[in-house]
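Q: Could you look at this predicted model? Sequence included:
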Amino acid sequence: MRQCHIIQPGCIGDIIICLPIAKDYFDRGYEVRWYVHNSYVRLFEYVDYVRPMVLEGSLAGSNKKAYAMINHSHSHRDKILDLAIGFSHHKKTSNFLGGNKHFDEWKYDEAGVDICKKYNVIFNRNEAKEKELKIYLGIKENNYKIVHQEGRRGQYNFGMDGIEVKGIMNFTPFDWYSILKEAKEIYCVDSWVLNFVNQLGLCVGRRYVRLWKHGSPLLSPILKEDWKFL
């Protein structure tokens, strides 16, 4: 079987953005091998159309390790998609810096997949874990706000009470699905929460975002029109 090798070692938001790309190639008949850093491999327990190829050691050196693994196994029929902006200075990915596309649009163009498919995120829910997380957080009814104040590029204090999204042992971002879906309102910075909520159409019309003021606006994803900017 021909293989599609996806190089995207992390992080959570980028993995969520690229999952529909993997599904598209799986549907075309490829075996999808995704080169992912070991700190993010648990996400693929919820995905049955990808074979994760685990990268150990430093996250910064992940791309080189991915290419070394691919060079030992790929054939001329395979597809190699290097979508990992920021993880290396590989010539192909560095082309993004000189362009005028949002980073998610660049990834989809690079993969040859329609950007509209970004909103087709497929994963296997673990409803038992979702309920367990609700109990852990003390959620008993749906009259709550979600607040996510810290991403990889910085943090912002929304100055309000709410259920704070954060890493909790034994739970993955996918386990937050029903909590995010049933929230009264969502306030988040540019982060995996933003991508997850945006791509899955959660809390539509009741979601607010604080984008970073530093850096290029192209480093933020394309968003649905209902988002309110703070």
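A: The structure has been received and is ready for your questions. Numbers count the residues shown, from 1 in each chain.

Q: alpha carbons only for contacts and neighbour counts from here, please
A: Fine.

Q: From the rest of the structure, what touches the strand ranked longest in the chain?
A: Ranked by residue count, the top strand of the chain under DSSP state E comes out as strand 31-37. Contact with strand 31-37 is made by 1-10, 22, 25-26, 49-56, 59, 62, 66, as judged by Cα atoms under 8 Å, 6 or more residues apart in numbering.

Q: quick one: average confidence on it?
A: Across strand 31-37, pLDDT averages out at 97.

Q: which residues does residue 126 contact?
A: 46, 175.

Q: tell me the phi and psi of it?
A: phi -110, psi 90 (degrees, to the nearest 10).

Q: Repeat that for the one 3 residues further on.
A: When read as degrees, to the nearest 10, the backbone of residue 129 gives phi -70, psi -40.

Q: Just the pLDDT for it.
A: The model's pLDDT for residue 129 equals 97.

Q: ok, for it, nearest residue in space, not its chain neighbours?
A: residue 175 (6.0 Å; Cα to Cα, 6 or more residues apart in numbering).

Q: Ok, residue 50 next?
A: Residue 50 sits nearest to residue 32 (Cα to Cα, 6+ apart), 5.1 Å away.

Q: what are the bridge partners for that neighbour, then?
A: residue 4 (DSSP bridges).

Q: Could you tell me how far it is located from residue 183?
A: Distance of residue 32 to residue 183, computed by Cα to Cα, to the nearest Å: 34 Å.

Q: same check, this time on residue 228
A: Residue 228 is 16 Å from residue 183, by Cα to Cα.

Q: Please say which of these two ends up with more neighbours.
A: A count of neighbours by other Cα atoms under 10 Å puts residue 183 above the other of residue 228 and residue 183, at 20 against 13.

Q: Which residues are in contact with that one?
A: So residue 183 contacts 142, 143, 144, 145, 146, 203 (Cα under 8 Å, 6+ apart).

Q: Would you double-check that the last one falls in a helix?
A: Looking back up the chat, that one is residue 203. No. Under the criterion used here (DSSP: H, G, I helix; E, B strand; the rest coil), residue 203 is coil, not part of a helix.

Q: And the pLDDT for it?
A: pLDDT, residue 203: 97.

Q: Give me the neighbour count for the closest residue to it other than its chain neighbours.
A: Excluding the flanking residues, the one nearest residue 203 by Cα to Cα, 6+ apart is residue 181, at 5.6 Å. Under the neighbour criterion other Cα under 10 Å, residue 181 is assigned a count of 17.

Q: again with residue 159
A: 8.

Q: Quick check: it vs residue 147, distance?
A: Residue 159 is 10 Å from residue 147, by Cα to Cα.

Q: again with residue 76
A: 47 Å.

Q: Comparing the two, which shows the higher neighbour count?
A: residue 147 (23 against 7).

Q: from what I can see the more buried one touches residue 164, true?
A: Yes. Residue 147 is within contact range of residue 164, at 4.8 Å (criterion: Cα atoms under 8 Å).

Q: can I have the lengthiest helix in the chain written out in CSV, keeping just the CAs?
A: Secondary structure of the chain per DSSP state H: the longest helix is helix 12-27. The C-alpha trace of helix 12-27 is given here as CSV (Å, rounded to 0.1, in the frame of the first residue of the first chain):
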residue,chain,number,x,y,z
ILE,A,12,-1.9,20.3,19.8
GLY,A,13,-3.4,23.0,17.7
ASP,A,14,-1.4,22.1,14.6
ILE,A,15,-2.3,18.4,15.0
ILE,A,16,-6.0,19.3,15.2
ILE,A,17,-5.6,21.5,12.1
CYS,A,18,-4.0,18.8,10.2
LEU,A,19,-6.2,15.8,11.1
PRO,A,20,-8.6,16.4,8.2
ILE,A,21,-5.6,16.3,5.9
ALA,A,22,-4.7,12.9,7.2
LYS,A,23,-8.3,11.7,6.8
ASP,A,24,-8.4,13.0,3.2
TYR,A,25,-5.3,10.9,2.3
PHE,A,26,-6.7,7.9,4.2
ASP,A,27,-9.8,8.2,2.1
